[in-house]
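Chemist: build me a structure from this.
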Amino acid sequence: MRGLLASGFAQSSSARHVLAGLRRSASSASATPKRMLTIRRLLVGVTLAGAGYVTARYFSQRNRLSRPNSKDRKRLVVLGSGWAAVSLLQNLDPGAYDVSVVSPRNYFLFTPLLPSVTVGTIEARSIAEPIRALLTRTQGPERVKFHESECLFVDPHRKTVLCRDVSGITGEDTDFELEYDTLVMAVGSSTNTFNTPGVEENCFFIKELSDAARIRTAVTDVIETACTPQQTEDERRRLLHFVVVGGGPTGVEFAAELQDFVDEDLSRLYPRSVVDQVQISLVQSADHILNSYDQDISNFTEQQFRRDGIRVVTNSRVTSVAERELVVYNKKTKRKQAVPYGLCVWATGVSRQPVTVQLSKQLPEQMHRRALTTDWYLRVKGAKDSIFALGDCSTIEEKKMVAEVDSLFAEADVNGDGQVTVDEFCCLLAKCRSRYPQIAMYFSQSWDEDIENVRGEVLLMDLDERRRTERLFEKSDQDGSCNLDLNEFRSALKEVDRELKSLPATAQVASQQGEYLGHLLSTLAKSKDSGDSKELSLQPFRYKHNGSMAYVGGNQAVLDMPVVGTLCGWWVMWLWRGAYASQLSSSRTKVLVVLDWFKASVFGRDTSRI
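Modeler: Numbering: from 1, shown residues only. Modelled structure (predicted):
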């Protein structure tokens, strides 16, 4: 009986479990469609939201870039397609002007990596970005007109530029004229030969992509010629002697790339008897190479070159270049030496483009021999605010405070007692900071605290700046009277004027000037008054040095930064590569350059002479 009851109980318990399982299954089955429906709705919602976002961005961009032309929109003509011009266009408000860009090359060239192209570490097209692609991304396809032509003549009186199609294929008419309301000169510079005989005829330059391609072909040609059996030992040594003139970043990086090419590729592919005779010499006029860098970097680079076998000749300059030999003059010994060579690369100095020379001759205020003189708003002197210049073709006029010492002393001496107190001196510097950029350079900080002068005018000065001004005041107060007379005041202004330095002709300077001018022109376009930059309370241009880098060969690089200081070594090369890769103008060029570095490290450089 108990067995039957137990059996019955087990069966009833099993039945309950089965029924409970069925109910759970039914509940789960009913919940599954609901969960799937929720997921489907979520996916549809995300898809629709994404489509809406993309559509809105598309039409917003389309409307922003393709606004209809306005009759009162001013005509802006930009001459050039380099760092300055591209940076300007990237920071110019779309639709602010009717923009026309004129340049003999239809691409933007990433010049810092140009030495790598000369030996095939990087392919030429990897650092060239079509200018029309850049303009489409920044200004829109219909907003900017591009003309692949060269500007021959600028008429600042009629406000016109004469241009000519200098490409290989031209139409029946090659010349045309453009009118402008505002002209931007960003034509760059050409290599300065310093009127050295034979340079134009016998040397290679390293300024354009075509120059790098010619050097790459010539290097391989020289090596192959040296390998032919009919060459004598003296002739082979001459052919395999590569001379680089100029110890700046371009010359140093080219010499380093060439030595890497010899050590890593030619040594594998060519006879050892030929490769061992390759000699690279670098001629520098100063007493050390990379003289714009910190002394520690110069010493490290010279040591690296000695280890690699590169001969560095300092305190010397090339006085003439013949077809097979050049003459080097040593400034210390006062002696000249004839040096046989197979290939000479001239990588020093900058000079004006022909159109820059032509414009300077029409403006009597232009007295500089190597560039167009501008003020700190980048306006060309004598052009009545209608022409701006930036980049290598320009130089900012160094307006010294000491030249106006009498008027500044009268302005500072508010109470007219013939003495300037420390408070009056502080107020003068704070008041004049927009007129004289060297004041901001002297303090190297922003002005962020209010002070009040004796007239009740609110000015800005940081506490640390106040202390430094007081130290300058005490240093200039030679008689200890706690006041500055005119001579002591002049001494203080000379100390501030020492911060004025000519800006180097680098991509970093040109890029920052382009960014500044883009914002400046956009602000001027928005103002109802055609206006003056000072009247609109616009700040003058101020250059901020972000550091300098250079590749010195053997997987070594150097870095000189204001905050970090000097860095040298193999790991700096990866910083160098990463920094340049991030600065490339598009995702396409970034990918291509990284792939080129990878190919060169795995497969070696291509030695084909094409």
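Chemist: excluding chain neighbours, what is closest to residue 605?
Modeler: With sequence-adjacent residues excluded and distances taken as CB to CB, 6 or more residues apart in numbering, residue 605 is closest to residue 120, at 3.9 Å. Yep, even glycine has a C-beta here, placed from its N, CA and C like the rest.
Chemist: what's the burial count for the one you found?
Modeler: Residue 120 is flanked by 23 other residues according to other CB atoms under 10 Å.
Chemist: ok, now which ones touch it?
Modeler: Neighbour list for residue 120: 216, 261, 600, 605-607 [criterion: CB atoms under 8 Å, 6 or more residues apart in numbering].
Chemist: please identify the helix or strand for it.
Modeler: Counting by DSSP states H and E, no helix or strand carries residue 120.
Chemist: I'd like the numbering to begin with 554 instead of 1 from here.
Modeler: From this message on, residue numbering opens at 554, which makes the last subject residue 673.
Chemist: so it versus residue 1143, what's the distance?
Modeler: Distance, residue 673 to residue 1143, using CB to CB, to the nearest Å: 19 Å.
Chemist: swap in residue 822?
Modeler: With CB to CB as the criterion, residue 822 and residue 1143 are 30 Å apart.
Chemist: do the same with residue 903
Modeler: For residue 903, the distance to residue 1143 - CB to CB - is 28 Å.
Chemist: one step back: out of the contacts of residue 673, who has the most neighbours?
Modeler: residue 814 (25 neighbours).
Chemist: quick one, what contacts the residue lying closest to it once chain neighbours are set aside?
Modeler: Of all residues not flanking residue 814 in the chain, residue 672 sits nearest, at 4.0 Å (CB to CB, 6+ apart). Contact analysis of residue 672 by CB under 8 Å, 6+ apart lists 769, 772, 810-811, 813-814, 1158.
Chemist: follow-up on the earlier one: now, the most widely separated pair of the contacts of residue 673?
Modeler: Using CB to CB, the two most remote members of the contacts of residue 673 are 769 and 1153, lying 13.2 Å apart.
Chemist: how about low-confidence regions in the stretch 1054-1163 of the chain?
Modeler: 1081-1090 (pLDDT under 70).
Chemist: all helices for the stretch 604-753 of the chain, in order.
Modeler: 636-644, 667-670, 684-691, 752-755 (DSSP state H, counting those that start in this stretch).
Chemist: about what we covered before: the residue nearest to residue 814 and residue 679, how far apart?
Modeler: Taking CB to CB, one finds residue 672 at 14 Å from residue 679.
Chemist: go on, residue 1048?
Modeler: Counting by CB to CB, the gap from residue 1048 to residue 679 is 48 Å.
Chemist: between these two, who's got more neighbours?
Modeler: residue 679 (22 against 14).
Chemist: got the buried residues for the helix or strand containing residue 1149?
Modeler: Secondary structure from DSSP H and E places residue 1149 in helix 1140-1156. For helix 1140-1156, the neighbour count (16 or more other CB atoms under 10 Å) marks 1142-1143, 1145-1147, 1149-1150, 1152-1153 as buried.
Chemist: from the chain's centre, how far out does it sit?
Modeler: Centroid separation for helix 1140-1156 versus its chain: 21 Å, with CA atoms, centre = their mean, to the nearest Å.
Chemist: same check, this time on stretch 828-842
Modeler: That offset, for stretch 828-842, works out to 27 Å (CA atoms, centre = their mean).
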